[in-house]
Each structure stands twice: as C-alpha cells, then as structure tokens.
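S.K.: Using only what follows, build the 3D model:
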Amino acid sequence: MSPDPARSANGTPPSGPGLFVAVVGPSGAGKDTLLALAAEDLAETPGIVFARRIVTRDAIAAIEDHDVMSPADFAAAEASGAFCLSWRAHGLAYGLPAYLTTALTDGTTVVANVSRRVLAQAAERFARLAIVEITAPPAVLVARIAARGRETPEEISARIARQVELSVPPGAEAHHRIVNDGSPQDGRRRLVEIMRAAS
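M.R.: Here you go, the predicted model:
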C-alpha cells in the first residue's frame, strides 16, 4: 500500500473497505476459464462481484468474457476517468470500469483479471488487496496458447519469454497460488474456496 494508508499517491482516499481480488498469471494459464466457472458457482453469493474488463479486441466466445472498445474510444474513456484501473499489454489496452470503486466502498468483494504489471497501482488505488496467481508449467502454457490459433510458434515463444515475475506489493493481504495443470474442475474448486474465504 502507499506509505499513508489513508491516501493514495494523488492524495485521494483509496477505495474500500471491500476487498479487491486481483487474479493474475501468464497467458495460457486458464484464468478466464477458472473465473467463468467460479462466477457460476458464486452467482448467488452476496457480496462478490466478478468484474468485466474492457479490451480493445473482440472476445473469443468460448474462452473470454469482456466488453470491447476501439482504441480511440478507449483512449477517450481513459482520459475522462472512466476506468479505475487501465493498462497496456501485447499491443492491447485493458480497463476496469470506474463504478467498481463504488462497489468496493460499499464493502463488496470485487474479483478481476488484471495484469501483474498493475498490482502496485492496485495496491495504491484500493484500500484492500488480495492476489490470486493462476499459473501452469511452460509446456502447458504453450499448448493452450497454440490452441487459440491467433499466434505463430515464434510469437508464442516470444510471449512466454516476455513473462514478468510476480512482485507482491507491500500491503497485500494475501497471495494465493493455483497451479492449473489438471482438470479445470480442480482449479475451479480451489478458486471458489479462496473467494468464499475472502468474502
């Protein structure tokens, strides 16, 4: 968190007291799959919201669930303060809608798929932060990315090589790690357990 827990770097109070659960991990780890399954299990659980990201790329219906903006519209929305978090990765722009801060202020647990690069920003922006790291062995990551059919083998290798180490920012309440190399149901159960304990 920021040195003054009552203030973020720009002098505004961080959003809380709800818990922001940042789900992170490399491409191919299965984050979208596990989040979708956990959202089904927790649909009737009060006090938990699964955030929909805004991305400057169409979603793949079978594995992704996000809203879409053109790069120009995204830039305009970002400039107007429409996002509580935004970042760039792999040539795309990603954002979380600003209304999630209201949910956090009301005490709701907000679960979101974010980049590891914005964890420090999230720790500063939100009063409470927990991290769920979803990962898998490199061979599994490569196979899953290849199955999407969007990238060449060379591009996949470059993507894997660009992975950044997870750095847990000071003040994070918890760091959970799920190795998603088996059945999606195994990862699903673990993620649901974490969410229920957090809420």
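S.K.: my read: Ala127 touches Thr101, true?
M.R.: No: counting by C-beta atoms under 8 Å, Ala127 stays clear of Thr101, with 10.3 Å between them. The C-beta positions use only the backbone N, C-alpha and C, and glycine is treated the same way.
S.K.: which secondary element of this protein has the worst mean pLDDT?
M.R.: helix 153-161 (a mean of 84; mean pLDDT, DSSP states H and E).
S.K.: Only C-alpha atoms, please: export that one in CSV.
M.R.: What follows is helix 153-161, C-alpha atoms only, in CSV (Å, rounded to 0.1, in the frame of the first residue of the first chain):
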residue,chain,number,x,y,z
PRO,A,153,5.1,-20.6,-32.8
GLU,A,154,7.6,-17.8,-32.9
GLU,A,155,5.1,-15.3,-31.4
ILE,A,156,4.2,-17.8,-28.7
SER,A,157,7.8,-18.3,-27.8
ALA,A,158,8.3,-14.6,-27.6
ARG,A,159,5.2,-14.2,-25.4
ILE,A,160,6.4,-16.8,-23.0
ALA,A,161,9.8,-15.2,-22.9
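S.K.: Next secondary structure after that helix?
M.R.: Next helix or strand after helix 153-161 toward the C-terminus (DSSP states H and E): strand 174-179.
S.K.: Strands along the chain, start to end?
M.R.: 20-24, 48-50, 54-55, 67-68, 83-89, 92-97, 109-113, 129-135, 174-179 (DSSP state E).
S.K.: Show me which parts of the longest helix anywhere in the chain are buried, residue by residue.
M.R.: Using DSSP state H, we find that the single longest helix of the chain is helix 184-198. For helix 184-198, the neighbour count (16 or more other C-beta atoms under 10 Å) marks 187-192, 194-195, 198 as buried.
S.K.: what does the model give Ser167 for pLDDT?
M.R.: Among the per-residue scores, Ser167 holds a pLDDT of 91.
S.K.: Report the separation between it and Ala22.
M.R.: 12 Å (C-beta to C-beta, to the nearest Å).
S.K.: how far out from the middle of the chain is stretch 43-62?
M.R.: Between the centre of stretch 43-62 and the centre of its chain there are 10 Å (C-alpha atoms, centre = their mean, to the nearest Å).
S.K.: Spit out the contact partners of the residue most central in space within the chain.
M.R.: Most central residue of the chain, judged by C-alpha distance to the mean C-alpha position with C-alpha atoms, centre = their mean, is Asn113 at 1.7 Å. By C-beta atoms under 8 Å, 6 or more residues apart in numbering, Asn113 lies in contact with 23-24, 31-32, 35, 51, 53.
S.K.: switch to 7 Å and redo it
M.R.: Residues in contact with Asn113 (C-beta atoms under 7 Å, 6 or more residues apart in numbering) are 23, 31-32, 35, 53.
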